[in-house]
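Asker: Whatever this is, show me its structure:
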Amino acid sequence: MATVIALLVLCLPLITLGYVAMCAAKPWKPCRRCPSGRRRHACRPCDGTGLRPRLGWRLYVHFRRLHRDGTR
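Answerer: Numbers count the residues shown, from 1 in each chain. Model (predicted):
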């Protein structure tokens, strides 16, 4: 059991850093609601662009705005 916990402790920072790097390099992902990547004007999540921001990118923007608004 200790080896499983040690493996998780080692892998979790690597996975987290990988996701952060992916969000920084490519913050937009294809929209899942648009059929097969085609753009729709009625698609609310992507506003018809076919791309949606990743969750990590949305969290980064949220905390950046909180910091900016709090330090004015």
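Asker: can we go C-alpha only for contacts and neighbour counts from here?
Answerer: Noted.
Asker: who does the one helix or strand Met22 maps to touch, helix- and strand-wise?
Answerer: Using DSSP states H and E, Met22 falls within helix 2-25. Contacts defined by 3 or more CA pairs under 8 Å, 6 or more residues apart in numbering; DSSP states H and E place helix 2-25 against helix 55-70.
Asker: Any stretches of the chain with poor pLDDT?
Answerer: 35-42 (pLDDT under 70).
Asker: Residues touching the helix holding Met22, excluding its own?
Answerer: Arg54, Gly56, Trp57 (CA atoms under 8 Å, 6 or more residues apart in numbering).
Asker: out of the residues you listed, which are buried?
Answerer: Among the contacts of helix 2-25, those buried by neighbour count (16 or more other CA atoms under 10 Å) are Arg54, Trp57.
Asker: Export the contacts of helix 2-25 as CSV, with columns for distance to Lys26.
Answerer: Below are the contacts of helix 2-25 laid out as CSV (distance: CA to CA, whole Å):
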residue, distance to Lys26
Arg54, 9
Gly56, 11
Trp57, 9
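Asker: before we move on, the earlier item: next, the angle helix 55-70 makes with the helix holding Met22.
Answerer: Per axes from the mean of the first three to the mean of the last three CA atoms, to 10 degrees, the angle that helix 2-25 makes with helix 55-70 is 70 degrees.
Asker: Toward the C-terminus, what is the element adjacent to helix 2-25?
Answerer: Per DSSP H and E, helix 2-25 leads on to strand 28-30 as the next helix or strand towards the C-terminus.
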